[in-house]
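*Asks:* with the sequence up front, the predicted model follows.
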Amino acid sequence: MTPPAFPARTALSANVNKVALLRNTRHLGIPSVTRAAALCLQAGAAGITVHPRPDARHIRADDVYEIADLLQAWPGREFNIEGNPFHNLMDFVRAVRPQQATFVPDGEGQFTSDHGWNLAADAARLAPLVAECHALGVRVSLFMDADPDAMPAARALGADRVELYTEPYAAAWGRPGQPEVLARFTAAARAAQDSGLGVNAGHDLNRDNLADFLRAVPGVLEVSIGHALIADALELGYEAAVKDYLRCIDAVHLL
Ligand SMILES: CC(=O)[C@@H](O)[C@H](O)COP(=O)(O)O
Ligand SMILES: NCC(=O)COP(=O)(O)O
């Protein structure tokens, strides 16, 4: 299995969950989730990520379908739908066939995503769902902790990529333990690539910590960023915020 080519530039996928969270606090339809996605794409985002949780606390089914329609006008940009394939994710995959489905082992009422898959427990149940995504032409990424030893099993069940859960890195950033934590992510990424997996990354990445991560972790194909990016957009606007993140990525790749 030839490992995926290292990217000319890490793709930025803008996660618009938090626009939906604000929209849902009134029955006025504003701020528009689809307009946020369009403005992020216009600013240069390589794609859009949503996580339609079963309780619809933020992204709702209509948002998924509207963003899928929006992306028809943006050839080459990707739709990444995240969720638990044992809950509601597969319904969306079947309905809109996104470029990528990210399998996340969240519970239905979970506060936020806070761990990767336990493949010893779940690989047998995940494999047929990965195969179904492939039959629909959808790439599969597994949300994983930075554990090098887990990467062969991720590949063995058919995943195309892993998304490294980066909150532990974000929590360590700027603190004495940062190098040791980053080393674990570097090892996990290399183990994934050696297994033939592409590497994505996400959760709590921001303008401060992104470049250090990309410098230390080789060949990251995609970062999906939402909470901090939307917080920045509240201050700067979507265009300036997205372009700031693209500058962080380019600062690494254009060295
Ligand atoms: C899987 C992950 O880390 C995030 O993409 C997730 O979408 C965060 O969910 P909330 O936006 O609901 O915190
Ligand atoms: N997969 C990570 C994602 O889409 C957004 O995570 P966050 O930036 O909101 O923490």
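*Replies:* Now that the structure is in, tell me what you want to look at. Numbering: from 1, shown residues only. Ligands and ions are numbered 1, 2, ... in the order given.

*Asks:* what residues sit buried inside whichever strand or helix holds residue 66?
*Replies:* Assigned by DSSP states H and E, residue 66 belongs to helix 61-71. Within helix 61-71, the residues scored as buried using 16 or more other C-beta atoms under 10 Å are 63, 64, 66, 67, 68, 70, 71. The way it works is simple: take the backbone N, C-alpha and C, and place the C-beta from them, glycine included.

*Asks:* now these in TSV, with pLDDT and distance to residue 47?
*Replies:* Listed next are the buried residues of helix 61-71 as TSV, based on pLDDT from 0 to 100; distance: C-beta to C-beta, whole Å:
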residue	pLDDT	distance to residue 47
63	98	15
64	99	14
66	98	15
67	99	10
68	98	12
70	98	11
71	98	8
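
*Asks:* which among the residues you listed gets closest to residue 88?
*Replies:* Nearest to residue 88 among those: residue 64, at 10.2 Å, using C-beta to C-beta.

*Asks:* make sure that closest one is actually in contact with residue 94.
*Replies:* No. Using C-beta atoms under 8 Å as the test, residue 64 is too far from residue 94 to be in contact (11.7 Å).

*Asks:* hmm, residue 225 is touching residue 207, no?
*Replies:* No. The criterion here is C-beta under 8 Å, and residue 225 misses it with residue 207 at 9.2 Å.

*Asks:* what is the most widely separated pair among the buried residues of helix 61-71?
*Replies:* 63 and 71 (12.4 Å).

*Asks:* which residues are in contact with each of residue 225 and residue 207?
*Replies:* Overlap of the contact sets of residue 225 and residue 207 (by C-beta atoms under 8 Å, 6 or more residues apart in numbering) consists of residue 245.

*Asks:* quick one, strands of the stretch 1-150 of the chain?
*Replies:* 11-15, 47-50, 78-83, 100-103, 139-144 (DSSP state E, counting those that start in this stretch).

*Asks:* turn these into TSV, columns for mean neighbour count and distance to ligand 2.
*Replies:* Formatted as TSV, those follow (neighbours: other C-beta atoms under 10 Å; distance: least, C-beta to the nearest ligand atom, whole Å):
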stretch	mean neighbour count	distance to ligand 2
strand 11-15	25	4
strand 47-50	28	4
strand 78-83	25	6
strand 100-103	27	6
strand 139-144	25	7
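
*Asks:* for those, give me JSON lines that also has distance to ligand 1 and mean pLDDT.
*Replies:* Shown next, in JSON lines, are the strands of the stretch 1-150 of the chain (distance: least, C-beta to the nearest ligand atom, whole Å; pLDDT from 0 to 100):
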{"stretch": "strand 11-15", "distance to ligand 1": "5", "mean pLDDT": "98"}
{"stretch": "strand 47-50", "distance to ligand 1": "6", "mean pLDDT": "99"}
{"stretch": "strand 78-83", "distance to ligand 1": "5", "mean pLDDT": "98"}
{"stretch": "strand 100-103", "distance to ligand 1": "7", "mean pLDDT": "99"}
{"stretch": "strand 139-144", "distance to ligand 1": "5", "mean pLDDT": "98"}
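
*Asks:* for residue 177, find the nearest of the ones you listed.
*Replies:* Across the strands of the stretch 1-150 of the chain, closest to residue 177 is strand 139-144 (C-beta to C-beta), at 20.7 Å.

*Asks:* now the element after the closest one, going C-ward?
*Replies:* helix 151-156.

*Asks:* next SSE downstream of that following helix?
*Replies:* Past helix 151-156, the next helix or strand by DSSP H and E is strand 161-165.
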